[in-house]
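Student: no FASTA, just this:
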């Protein structure tokens with residue numbers, strides 16, 4: 001028996017070539033790994049999670065911002081101590097006045113809330129007015145509405161007048177509808193000083209407002225209040241008088257209307273609305289801020 005190597009050898013070579021090629025084909029067919037899929041989607045591994053480049057940038061900015069705010073808190077505490085020493089007071093005053101960094105706003109706001117010295121409160125208010133940011137405007141408006149000291153409220157309004165009414169107008173107008181009658185009048189006073197005629201309609205609506213008041217001591221009848229003691233807490237049922245809705249005339253609202261319009265219909269809301277509908281103009285040369 002004889003072998004025809006012309007047929008057998010090529011067949012063996014073909015089988016060997018196919019056997020070597022099969023692993024390569026299997027490698028190409030492997031599914032992509034999770035990391036490959038995330039990368040193909042444009043995601044980057046960052047801080048233990050897959051994020052977009054924009055998310056990473058925002059996260060890093062937030063970290064930097066938080067650090068800047070902490071640094072300002074420490075710096076302002078140092079400046080406050082220096083304000084008490086005669087040899088450093090002048091320089092510290094100038095440093096506070098030169099603040100213009102939006103990251104300083106939380107520190108200034110917190111310091112202003114607890115500051116007992118009027119001159120230092122005025123300095124913080126001045127510094128806030130130099131920070132041209134929504135956060136600074138919001139803080140000044142909150143001071144104008146809620147700070148217990150009248151002079152500090154007035155200082156904040158004076159700064160808002162210089163900045164411009166746009167910084168505080170939405171918040172002050174919204175405060176005219178507050179359930180707190182004191183805040184209604186403070187908002188009206190500030191709007192009168194700002195001299196914004198566009199606030200007239202909201203002021204007319206707030207000329208008289210309705211509020212819930214409770215006369216007498218203790219919580220209203222049927223109300224529930226939380227009580228806390230060294231050994232625990234609980235709920236107590238109120239036995240005082242029931243709350244009553246009352247209409248209140250707001251004198252600062254009327255003063256603001258007179259200042260802004262140059263006329264006075266006193267508490268007659270219908271007359272004020274009629275005037276507004278007819279768009280009567282103030283007297284020639286009338287300055288609402290001076291009024």
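Tutor: That came through, no problem. Note that the structure is predicted; figures quoted are calculated from it, not measured.
Student: from here on, contacts and neighbour counts on C-alpha atoms
Tutor: Noted.
Student: burial of residue 128, as a residue count?
Tutor: 29 (other Cα atoms under 10 Å).
Student: again, but for the one 5 residues further on
Tutor: Residues near residue 133, counting by other Cα under 10 Å, number 16.
Student: can you check residue 51 too?
Tutor: Using other Cα under 10 Å, residue 51 has 16 other residues around it.
Student: My read is that it contacts residue 39, right?
Tutor: No. Here residue 51 does not reach residue 39: they are 10.1 Å apart, not a contact under Cα atoms under 8 Å.
Student: Tell me which residues touch the closest residue to residue 189 other than its chain neighbours, please.
Tutor: Leaving aside its sequence neighbours, residue 189 sits nearest to residue 252 (Cα to Cα, 6 or more residues apart in numbering; 5.5 Å). Listed by Cα atoms under 8 Å, 6 or more residues apart in numbering, the contact partners of residue 252 are 185-186, 188-189.
Student: Domain ranges for the protein, per the record?
Tutor: With domains defined by automatic domain parsing, the chain comprises 63-167, 173-210+245-291.
Student: tell me which element the residue nearest to residue 189 is part of?
Tutor: Using DSSP states H and E, the element containing residue 252 is helix 251-261.
Student: ok so residue 157 is a helix residue?
Tutor: Yes. Secondary structure of residue 157 (DSSP: H, G, I helix; E, B strand; the rest coil): part of a helix.
Student: From residue 88, how far out is it?
Tutor: 29 Å (Cα to Cα, to the nearest Å).
Student: And the two? Which one has more around it.
Tutor: A direct count of neighbours by other Cα under 10 Å for residue 157 and residue 88 places residue 157 higher, at 25 against 13.
Student: Can you name the residues that contact that one?
Tutor: 140-141, 144, 190, 193-194.
Student: tell me the two of these that are most distant?
Tutor: Longest distance between any two of the contacts of residue 157 is 14.4 Å, between 140 and 193; criterion Cα to Cα.
Student: Which one's more surrounded, those two?
Tutor: Higher neighbour count among residue 140 and residue 193: residue 140, with 27 against 21, using other Cα under 10 Å.
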